[in-house]
Each structure stands twice: as structure tokens, then as C-alpha cells.
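J.: Output the structure for:
(8 chains)
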Amino acid sequence: MIEKQKDALVLGDTEFKSRLFTGTGKFASRDFITPMLEASQSQMITVALRRVDSSEKGDNILDYIPKSVTLLPNTSGARTAQEAVRIARIAREAGCGNFIKIEVITDMQYLLPHNHETLLATEILAKEGFVVLPYMMPDITVAKQLYDAGAAAVMPLGSPIGTNRGLEMKPMIKMIIETSKIPVVVDAGIGRPSQAAEAMEMGADAVLVNTAIATSKDPILAGKAFAYAVKAGRMAYLSSMADEKNKASASSPLTGFLRK
Amino acid sequence: MIEKQKDALVLGDTEFKSRLFTGTGKFASRDFITPMLEASQSQMITVALRRVDSSEKGDNILDYIPKSVTLLPNTSGARTAQEAVRIARIAREAGCGNFIKIEVITDMQYLLPHNHETLLATEILAKEGFVVLPYMMPDITVAKQLYDAGAAAVMPLGSPIGTNRGLEMKPMIKMIIETSKIPVVVDAGIGRPSQAAEAMEMGADAVLVNTAIATSKDPILAGKAFAYAVKAGRMAYLSSMADEKNKASASSPLTGFLRK
Amino acid sequence: MIEKQKDALVLGDTEFKSRLFTGTGKFASRDFITPMLEASQSQMITVALRRVDSSEKGDNILDYIPKSVTLLPNTSGARTAQEAVRIARIAREAGCGNFIKIEVITDMQYLLPHNHETLLATEILAKEGFVVLPYMMPDITVAKQLYDAGAAAVMPLGSPIGTNRGLEMKPMIKMIIETSKIPVVVDAGIGRPSQAAEAMEMGADAVLVNTAIATSKDPILAGKAFAYAVKAGRMAYLSSMADEKNKASASSPLTGFLRK
Amino acid sequence: MIEKQKDALVLGDTEFKSRLFTGTGKFASRDFITPMLEASQSQMITVALRRVDSSEKGDNILDYIPKSVTLLPNTSGARTAQEAVRIARIAREAGCGNFIKIEVITDMQYLLPHNHETLLATEILAKEGFVVLPYMMPDITVAKQLYDAGAAAVMPLGSPIGTNRGLEMKPMIKMIIETSKIPVVVDAGIGRPSQAAEAMEMGADAVLVNTAIATSKDPILAGKAFAYAVKAGRMAYLSSMADEKNKASASSPLTGFLRK
Amino acid sequence: MQINLNGKNIESGCKTLMGLVSEQGLDTKALIAELNFELIKQTAWKDTLIKEGDTVELLSFVGGG
Amino acid sequence: MQINLNGKNIESGCKTLMGLVSEQGLDTKALIAELNFELIKQTAWKDTLIKEGDTVELLSFVGGG
Amino acid sequence: MQINLNGKNIESGCKTLMGLVSEQGLDTKALIAELNFELIKQTAWKDTLIKEGDTVELLSFVGGG
Amino acid sequence: MQINLNGKNIESGCKTLMGLVSEQGLDTKALIAELNFELIKQTAWKDTLIKEGDTVELLSFVGGG
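T.: Below is the predicted model of the structure:
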């Protein structure tokens, strides 16, 4: 859990004012990325690493990302801890800094992460000085193991990647937030600003949103929308609003207008 | 439904830039009202009318509301259309302008509105030139009758007043939004910014929030949180985000890292 | 609420052992009706009334319904109280007994009932000695008015007819059950046995299921499934099970296996 | 997935007609166990193993379980695979047969299972000829690993043990059911017959219910209620009912009563 | 003569309600008849005369929920 | 004389609405007055006479949602 | 002599497992015994000798979910 | 000579990594190169010799979530 007085999120040695992390996947054109980052004020964005093939236009996706924004290379494509470790090392050597989103997936149908391989990769990379952000199935036991392994944060999924179904795993994420000693970032499945706000209201430290922004008809406006929602949810958390109630309670005096 | 190009909400002859309506009930101190209005930029706020008793401190709640903010007197306390009509007339004669929130309640347990008496009051007051905003049970048939009766908007409840349970009536409100020829304002039960954003995302034209702001530990921050959430939800609606999907879809290329 | 000791549902002078009401609409063939009634042991079933046209095969749907089963003619097609009243009178004169399901609909898009016209029809028909079962939008105020008007029960909808979406209106139905002095029958929208059980668990006195049974691949098995579910839900209600809990509690001793 | 034609659930060499598994924990008195088993017709029931202490009355819980009912000893109390393996061996040597429910928990706050230790224990015990039923966090990747390790079924939890919150993990369980090559038994958190029916409707092969039955005011009636609900849900699954629909569709002819 | 049957004006030569029903080729089993908005029992159909301008409704029960 | 003030019968010696208001010790700032169900503007209070049996309502705006 | 019973060190004079069980005043009906982590069937208890430093576990089945 | 490039065996006459890259007609801007699983900085490509049987991976960053 973050420290309330000075409300900034610290990962590794970096302080983040924005609690909205974004991604570079699925945009109709890379030209959306820079203005989206401006509009959303996001300070961390994911990228992936792949073999080139001659057909691709050779421009560099990194050129679309201002230096002020922290790069978060992911290990997508990895099916084992070893592959994830290798991708992380290449990314760092290639000058992307030492943040890494560990993503190990063997379930090719629903693309749900493999918690145990993710744990093994976290142990190795944390020892090598990476700031490790593991993408995980919401599992309170694994969250604790990831903390013990040196993760900088845990990133449980809200619902399967790209589904926009929001916080389907809310009860499990809630337990992780309650018990985690490191920041909790809800990653994957967030398809609406309201869902991002909901995650922040329940105490998440940040959210990672890619598909919902990149595939909206207006990615720049969408990026701004998520930025507002994350702020709104954070403020609600900090202003500790009242809980749900079973009984109604009037907002106007309950006396009848001309009655006692 | 509002006109998209120029995104302002028009009720009567008044144009509202802010789609967050607020209320003056339940604040620990009236001194919160002015700064809350500043923080939330809300341009419409509700007040109630009651018999004085000598015990009350005599200061005027209207003095806490800047002239730039539209007053929305409610008819709380009314148990019949006739009582609502009388309160509306007094409020207007007292110089509160011609906006009126009709609220007729006979269910003293859950404080749910009486749709038929509300309809009768709407017919009378619309004829008298009031800008009538009826608070109602979400009922598509009654929503249409209120339009025919001259209501300026309909205000279906999200959940019972003061419960903070949010959009319990979502499916019914959705149908009203789909079919209504006048603006739809979700009133009552909204307890979290995420819920306000959700209402706006599904196409509501505005939301009215009182309890959640007034009873939070920090009403000024809470007011700001709701303002951000309403903007976020509105932007999401205007940027038409993708729907929920049953199947996952990767945000990174699906090829394995070193596979074809 | 029903009287617990002797758990039978009484409407008018008739006692119902089965709390599952069924309907005759939408069956692929009328030949399913008799075996479905046997399998489900339903003791009340709805029928509709329409003008004949020469094209129709002339057999009588009433011939498919055993004498032991109470007929519940509905007033479907009525758009006003007057039309509903006329249909009810014809049905009774035609020898269908004095049960009537009032159904007045003006919303031709979602087929949601018109509560006020339904109330007016209830007043007239109750005075004429009908056992009136009004189909209604879940509205606690109207439920009370229907009781005052002489309804034998209220039949709030779970969700729009034919959607199989179950208890979308659960919170409102719950309040009606809590406060109603007459039996509450959840009608429309119940698409799964689990949803029928859920309605009974929260204290509904019966459910009316038509579409889900009639449109299933095996209407006889489906009828039996709903019969079991209604019994299960009723038993759960009568055995007063524990409420939801926020904290987990072990079902095995919490001591470690070889620990103290 | 079970074989449809002959609808019996087979685990190891045993065929189960009842798809309701029960437990012996939390009963106010052991005297409820035998009549509950009769009422529910459950054919499998869990027991735990613990060190004796002289204070306990020495009667044998196994004496309350008819020989026709399969014993399912659990490994509760185990915090590692090794402890689970040891408990399983003792239980078998003590004559309880070769069914074992693996339960390894290190999270003492929410009592959620440790998937990886559970997997390790499954590998060992399956090799030793046990019929292994692992209790697990719903995780599609781990479910596949458990199958590869020789589990006879997987038992994902619906919600934390003893909470009665039902299928909080529904989306994940659904994916497991869709993809599993072995039976799926929903274990833990089922607090209402409607929730048991819901699990069966979505294709679960069985459910395990202990707390909800044992802690109800009338465990015998509650056991019967769950038996009916499980049957209802299974029948619904087999009669393949129609899905949810967004649009309403009338169950009576849509023509007005006296209109064409 | 002209009568109004189920909302349509038709030409008929029948003198009795029963005649009209048979003329329409309808199976009487499931049939309900109103003459000028008043229900006529089947047993009375053959003795019920119809005249120019009468309004007749022929109804039956159908499947409904 | 007897007048009905906010639903209660009270004894008052005041001749004007303004007098009655001051007699009640109410701060006029936020006050709205009805005399026999007709609203009287504050500016008119001092010239508005009250007589035996009049019904007076003294109201004000309060917090409400 | 000293033996370890269910995790506690106790002083006992019994020579056999059966003796130890009776000494503990436990009803044997539901009892399961391990001697040095090996299960001993009840029928063998009276012939099973215990010696200084042995580890004995006495277990039974209980209610569990 | 034969080298393995991105998992495929190809025939190449180039002596340096830089040569190979140009031969492939790839824009170097975004390119990352591994020679026998060791990353080679772009500045070193022109001085990095490749020989029969070497394994070369040419990678780049792409959009990902």
C-alpha cells in the first residue's frame, strides 16, 4: 500500500505521479501513441520484442515515446521462465532501462498467465537488479511469493486480456490489495473508465490499460478519459467515502413538508 | 439524447457545461457547500423547503450557493401531486427560478418515489412554465408519459436514496436512455465515482450526487472526484469504446518470442 | 408471506402444493403441454385469448390441460385497463374460472407492463370477484396499491419477458417481498432453474416460468428441472441458511495437521 | 466432461449417481450426519484427520457414515505437499480407501489453496494409485497441469471457504469446464441451492457442499434442498436451455387482443 | 346482409350465429362467440338470429404466458 | 387574537406580519411567509395586517438532495 | 522412560503401544497409531514394544469439509 | 557460408554483421542484433565478423500491452 501523505507511486527508484500505465499494442497507427501519452499524462508504457522480418516498415516504436515516459518492456511470447529471462536481458541491454513486465503464457486459448513460471522468472530477474512487475492470475498465495521473490509490484488481471469485462476477479484482487506489502497494479481486462475508477476506489495503486484506449474510435480522448477516471477513483479512495448501505436514508429532511 | 457535436446539456433555456448535479443535504457543515461547488464545478444544486422552527440558526442556505449555480428546489416532503405543486409554486415565488425537482414519496421505508403522483404533478407544473425534473422509479412506460406531460428530463434512480449501491437498476435505466426523447439524469444511489462514470458511459446525460459527496470524510475532494468521473464517463461515451468480448485477444503479437 | 407451518400457497379459495406456475406459450407443439404439466407437477398454467382466423387448426388448447390444473387466462394484447377488463370477463364467461393474470402493455419494444392501467383493471376486476394476479414492474408503491385494490397476489417481473436474464430487478423484488401482505410471484425473465431457486430463497411465494421451459430442447425435462429448483429454493428458505460472510471460515479444524 | 448418454459421474472405478458431494465439518451434532446423507442421497463425504487429545469424546465419526457412501479424506492442515502426502498415506492405511481430497493452504487469512504445492502432492499421490481430487484456486493453467499429473478431477473453489458467496469465480470456472479433460467439481463457497444449480447449469460435473448444509437451522432439509438443486441444474444442462437474450420476446401472441 | 365479423365487414346470408360459424368453416370445438359484445353460449348459437349490422367476434384460447 | 402559525394555534397581539415574525424571534434573512396560502414578499410584511383566524406559514430553504 | 507423544515429551512406564494408549485413557475405537512414522494396525498394538526416545502419534478422523 | 538467421538457415557471403544486416535490406534504426546469443551494439556491427555456423538474431521492439 502506498504512503498516503505524499501521494506518489514509487517503483524502483522512479516516482510516478500518474497511476495510469498504458501500452503500445493494437493502435490503428503508431501516430496515436505520442498524443495519447500527452492526453493521458501516463508516465509508463509497455512495449514488446520480436524478431524482425523484412516486410515490416523499419521505423522504431521507441521514437514515438517521449524520454520522460518510463519504458516497460514485456516478455510476451515467453512460454517459460527461461524465455522471459532472456527477453528481459535483451531489452535491458538494448537500452530500455531495467523495468520489466513479466508475462509468461502457456494457455493459448484465454491467454491467462502461468503463475509458477512467472514466479521463477521474477526470482531470477529481481536478483539481477530488474524492477520486476509480474502479470499474474489473482492468487493471494502467489502474490506473497512474488513479494518474497523481490517483485516491485504485482499485476493481477481484472479479466482476460482484451475482453473489456473489467474487474471479474474483484474479490480476489481485493484480498491481494488488503494483504500486499508491495503496490498492486490491475492489468488486463479493463475496458471502461468506470472499471479503472472502481479498481482505484478499492485501493489499487495503479492500473494498466492498453486495448480499451488503442481500439476506441478516438484513442486520444479515450486516454484522457482513463486519466480522469484513475484520478477520480484515487481521490475517492483518499476521501474515504461511506460504504454501501442496506437501508435508504433521505438526503432531505424526513418531515413531511407541512407536517411535524 | 444530447447533440454530440457541441457537447452541452440544455435544460429549459439554460446550458450546462457540467453534467454533475449536486445537492445541499447531509453536509456536516454548510461551510463545505461553496468550496465543494468550486471543486466540482457543478452548475446545478438541489435545496429543500421546510417550516422554520425558532430553534434553527437563521442563516440562509442560499447564501452558500454562488449566483452562477442554478438552484434546483426539490419537493421533498410531498406525499401527493398537490403538495408537490404547492411547494414548487412557493419556491418559484420565493425567487428560486423555475427549475423544480419533483419528488413525491409515500413509501416511508425505502423512500422510493410514487411514479403516478409524480406524473400528475409534472403535467400541472410543466403547463405553468416550470422546467420540471421528475425523480422516478426507472419505468420505461412512465418515462414516456413524463415526456408527453412536458418534463424537461427524467431522473430515474440508480438505487434507493443514500444507499451508495450504484446502478442496481441498470438494465431499466439503459432501456430508458435508449428510448427517451429528453435527457436522462441518474439520481439517487450513486455512491462512488466509478458508478457515476458507469452511468455516463451508458449514455446518461447527467447524474445527481448528494449523499456520497456530503458524507465523505473530505467533501471537497469527493466533489472533485465525481467531477472527474463524470467527465471520464462522458468522454468514454463520446469516444465509443469497444464492447465486452467473450474471447481474449492479445495486446502483444501472438507469435512466440522466438517462434514463427 | 405464506404461513410456514403448513406450507401451501393459497390464492382465492384454491390451495397450491406446487409453487411453480407455467404457461402455454411458445411450445414447438401443443403435445408437449400435458407431459410437461405431469413432469413439473405445476397446478396453474396461463392461456391467452385471441380472434380466430380460419387458417388455424381448430383444436382446443384447453383440451391439453388436465382438469386438476387451474387455468390462468392472461389479458395479453390489452393496452388499456378497459381492454383487460373485457378480456377477463370473456374468459370467465367462457368457463375458464375466475383467476385472471392482468397484463397491460403499451411499450411494444421491451414489452414492459403499464403499472397504472394494471392498477385500474385490478380495482374493477377484484370488485367483480376475480382472483386477480397483476403482472407488474417491480415497484413497492404500486405493489401496495395493488393490495389495497384487492389483488390476490402481485407478480413483479424478474427481467423483460423472454430474455432469460433472471432476477435483474432483485433488489426491488426483495423490498416487495419484505413488505407485501399478499403473496409475491416472480413472473417473466426466469430462464434457468438456478434463477427460480434464487427467487424462492429470497422468499418469493411462487414463480411463473413459460419461455425457458417451452423453448428448451426438452420441455419435459426442463419442466421437471424447474419443479426441483423451486422446491430446492423453498426448502432453503424454510431451513433458513446462513448469510453471506466476508471472512472465510474453515470447514475442517484450523489446527495444522501435526501442529497444536 | 461426463459422457451424456448414461449420465453417471465416474471417478476412479466408482460410479456416482449423485452429483452432490458433502462434508462432515461444522455440524452442531454428529447425529445430523446420517440422516443428512439419507435426505441428500450424497454418495461421497469428506472427513479430516487430526491428533487426538484426551479431552475429546472418543466416538468414531466414521461410524456415522453408511458403508455405501465413499469416504473422501481431506489433507486439511497440510501446509506443504509433503504433509499432504503423509496425511493421504495414513488415511489410506487406516482403511479409508484410496480417494483423497488434496488441500494445501498457507494463506491462514482467507484459507485459499496453494496451487503449486497442491500440484506437487497430486503428482506423487496419483503415482501411488490414489484417486486424487485436488482443491484449487480456479486457474486454467494449473487445471491442465493437474490433469497431466494424474488428478481424477479438479475442484476449483467458487468463493472462499465458508463465505456462502457462491460462484464469485464463475468466469474462471467456466473456462476450466470448457477445456478440462477430467470432471470439474465446484468446491467451497456454495451457500445456496441456487448457486449449486448455477454451477451445474454451466456444466460442472458435481459440487461439494459442507458449510451451507451443516450450519443451516435444519441440516436435513438443507441437504435435501441441495440434492434437488443439483438435479435441477444438471437437468437444465442436459435439456440445453436457451441463452440470455438482449431483446424481449412475447410469450403470448403479439397481436393486440382485438387488433390485426 | 352486411355484418362485422372480427373487425371486418363481410357479406353473409346466414340467419343464425351457428350458420355464420359453419359458413366460416371453423371448428366449433374451441370457439367463443360474442354477438354485439355479449357472449353467447354454444348451445344457444343455433337459436341466435343475426341481422344486418350486427357485430360478431369469434375468439378462442391460444398459447400464452 | 388567535392565529394559526405553522400548523399550531397561537395567541398573538401583533397587527402586522412583520410584528409576528419578530415576536417569534426569527432571523428574517432566510424567511418565506405565506398568509392564508398566499406568498407575501418581505418588503410587504410591515404593511401586511393579520387578523383573528389567519393562517400563517413561515418557511425557509434547507439542505436537501 | 521418555517418549515423544503427539509432539510432547512424556514420561511413561508402558512397554507396549497398547499400554501407552490405555495409559492415556483414550477410547481405542477411533484411534490410529504411528510408531516412529510407521502406521501400526490396532491388532498389533499389544505386541508392539516401545522404547526410550520413540515417537508416537495417536490420530483420529474428525469432521472436515 | 551457412548461418542461422532468426531460426532459418541462409546462405550469405557477408563477412560482418553490418554486411548481413544490409544484405537483408533491413532499416537499422530499430534493430537489435544477437550473435550467438550475445547482444552486439550497433556501433560494433561493422567490426563484428561472422563465420560459418553462426547464429544471428535480428530483433526489434514492437507494439505490445
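J.: Not counting sequence-adjacent ones, nearest residue to A:K26?
T.: A:A214 (4.0 Å; Cβ to Cβ, 6 or more residues apart in numbering or on different chains). All C-beta atoms are positioned from the backbone trio N, CA, C, and that covers glycine.
J.: Read off the pLDDT value for the one you found.
T.: Per-residue confidence (pLDDT) for A:A214: 95.
J.: Burial check on it, number of neighbours?
T.: When counting by other Cβ atoms under 10 Å in any protein chain shown, one arrives at 24 neighbours for A:A214.
J.: now the one 10 residues further on
T.: Burial measure for A:K224: 23 neighbouring residues, criterion other Cβ under 10 Å.
J.: In contact with the residue nearest to A:K26, which residues are there?
T.: A:A214 makes contact with A:23, A:25-28, A:32, B:251, H:65 under the criterion Cβ atoms under 8 Å, 6 or more residues apart in numbering or on different chains.
J.: backbone phi and psi for it, please?
T.: phi -70, psi -30 (degrees, to the nearest 10).
J.: Please apply the same query to the one 3 residues further on.
T.: In this entry, A:K217 is assigned phi and psi values of phi -70, psi -20 (degrees, to the nearest 10).
J.: which ones are touching it?
T.: So A:K217 contacts B:239-241 (Cβ under 8 Å, 6+ apart).
J.: just A:L49 next, same as before
T.: A:73, A:77, A:87, A:90-91, A:94, B:257, H:32, H:59-62, H:64.
J.: Just the buried ones out of the contacts of A:K217, please.
T.: B:239, B:241 (16 or more other Cβ atoms under 10 Å in any protein chain shown).
J.: Between the contacts of A:K217, which sits nearest D:L167?
T.: B:M241 (27.4 Å; Cβ to Cβ).
J.: name the helices or strands packed onto the strand ranked longest in chain E?
T.: Counting by DSSP state E, the longest strand found in chain E is strand E:55-63. On a contact count with 3 or more Cβ pairs under 8 Å, 6 or more residues apart in numbering or on different chains; DSSP states H and E, strand E:55-63 meets strand C:44-51, strand E:2-5, helix E:17-23, strand E:31-35.
J.: now the strands for the stretch 101-250 of chain A?
T.: A:131-136, A:155-156, A:185-187, A:206-209 (DSSP state E, counting those that start in this stretch).
J.: can those go into CSV with extra columns for distance to B:T46, mean neighbour count and mean pLDDT?
T.: Converted to CSV, the strands of the stretch 101-250 of chain A look like this (distance: least, Cβ to Cβ, whole Å; neighbours: other Cβ atoms under 10 Å in any protein chain shown; pLDDT from 0 to 100):
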stretch, distance to B:T46, mean neighbour count, mean pLDDT
strand A:131-136, 45, 28, 98
strand A:155-156, 40, 26, 98
strand A:185-187, 35, 30, 97
strand A:206-209, 33, 29, 98
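J.: Please report how far the closest residue to chain E within chain A lies from chain D.
T.: Chain E sits closest to A:R165 of chain A, with a gap of 32.1 Å, by Cβ to the nearest Cβ. Counting by Cβ to the nearest Cβ, to the nearest Å, the separation of A:R165 from chain D is 7 Å.
J.: Likewise for A:N164?
T.: Taken as Cβ to the nearest Cβ, the span from A:N164 to chain D is 13 Å.
J.: which residues touch the nearest residue to that residue once chain neighbours are set aside?
T.: Nearest non-adjacent residue to A:N164, counting by Cβ to Cβ, 6+ apart: A:G191, 2.3 Å away. By Cβ under 8 Å, 6+ apart, the contact list for A:G191 reads A:163-166, A:211-212, B:241-242, B:244.
J.: Report the buried members of those.
T.: Counted by 16+ other Cβ under 10 Å, the contacts of A:G191 give A:163-166, A:211-212, B:241-242 as buried.
J.: Can you tell me the strand partners of the longest strand of chain E and which way each runs?
T.: Looking at strand E:55-63 with DSSP bridges, its partner strands are strand C:44-51 (antiparallel), strand E:2-5 (parallel), strand E:31-35 (antiparallel).
J.: Does the residue most central in space within chain A have any beta-bridge partners, and if so which?
T.: In chain A, the residue lying closest to the centroid (Cα atoms, centre = their mean) is A:L208, at 2.5 Å. As for beta bridges, A:L208 partners with A:F21, A:D187 under DSSP bridges.
J.: Can you tell me the SS state at A:R89?
T.: Assigned with DSSP: H, G, I helix; E, B strand; the rest coil, A:R89 falls in the helix class.
J.: for A:I33, same thing?
T.: helix.
J.: okay, A:T255: pLDDT?
T.: With respect to pLDDT, A:T255 scores 73.
J.: With the one 5 residues further on instead?
T.: According to the prediction, A:K260 has pLDDT 49.
J.: follow-up on the earlier one: next, find the distance separating the residue nearest to the centre of chain A from G:V62.
T.: A:L208 is 46 Å from G:V62, where distance means Cβ to Cβ, to the nearest Å.
J.: Over to E:L49?
T.: 88 Å.
J.: Show me what E:N9 is bridged to.
T.: E:N4.
J.: Where does pLDDT dip in the chain?
T.: Reading this off chain A. A:1-5, A:54-58, A:258-260 (pLDDT under 70).
J.: I was thinking of chain E, sorry if that wasn't clear
T.: For chain E (pLDDT under 70), the answer is none.
J.: Just the closest residue of it to chain B, please.
T.: Closest point on chain E to chain B, by Cβ to the nearest Cβ, is E:G65, at 19.3 Å.
J.: In this structure A:R50 contacts H:V62, no?
T.: Yes - the criterion here is Cβ atoms under 8 Å, and A:R50 meets it with H:V62 at 5.0 Å.
J.: any common contacting residues for these two?
T.: With Cβ under 8 Å, 6+ apart as the test, A:R50 and H:V62 both reach B:P253.
J.: hmm, back to that, how far away is the residue nearest to A:N164 from chain C?
T.: Taken as Cβ to the nearest Cβ, the span from A:G191 to chain C is 21 Å.
J.: just A:V184 next, same as before
T.: 19 Å.
J.: for the contacts of A:G191, which one is nearest chain D?
T.: Relative to chain D, and with distances defined as Cβ to the nearest Cβ, the nearest of the contacts of A:G191 is A:R165, at 7.4 Å.
J.: in what helix or strand does the residue nearest to E:G65 when sequence neighbours are not counted lie?
T.: Nearest non-adjacent residue to E:G65, counting by Cβ to Cβ, 6+ apart: D:S251, 2.5 Å away. Under DSSP states H and E, no helix or strand contains D:S251.
J.: same check, this time on the one 4 residues further on
T.: Secondary-structure assignment from DSSP H and E places D:T255 in no helical or strand segment.
J.: just to revisit the earlier point, in contact with the residue nearest to the centre of chain A, which residues are there?
T.: A:21-23, A:46, A:155, A:185-188, A:190, H:65.
J.: any idea how far chain F is from whichever residue of the stretch 1-150 of chain A sits closest to chain C?
T.: Of all residues in the stretch 1-150 of chain A, A:I140 sits closest to chain C, at 10.8 Å by Cβ to the nearest Cβ. Taking Cβ to the nearest Cβ as the measure, A:I140 falls 39 Å from chain F.
J.: residues touching that residue, list them.
T.: A:172, A:175-176, A:179, D:107, D:109-110, D:112.
J.: run the last query once more with 7 Å
T.: A:175-176, A:179, D:107, D:110, D:112 (Cβ atoms under 7 Å, 6 or more residues apart in numbering or on different chains).
J.: Also A:D7?
T.: A:L238.
J.: what about 8 Å?
T.: Contact analysis of A:D7 by Cβ under 8 Å, 6+ apart lists A:234, A:238.
J.: for it, helix, strand, or coil?
T.: Looking at A:D7 with three-state DSSP, the answer is coil.
J.: and the helix ranked longest in chain A, is it in reach of chain B?
T.: Using DSSP state H, we find that the single longest helix of chain A is helix A:219-238. Yes - Helix A:219-238 is in contact with chain B by Cβ under 8 Å from any Cβ of the partner chain, via A:219, A:221-222, A:224-229, A:231-233, A:235-236, A:238.
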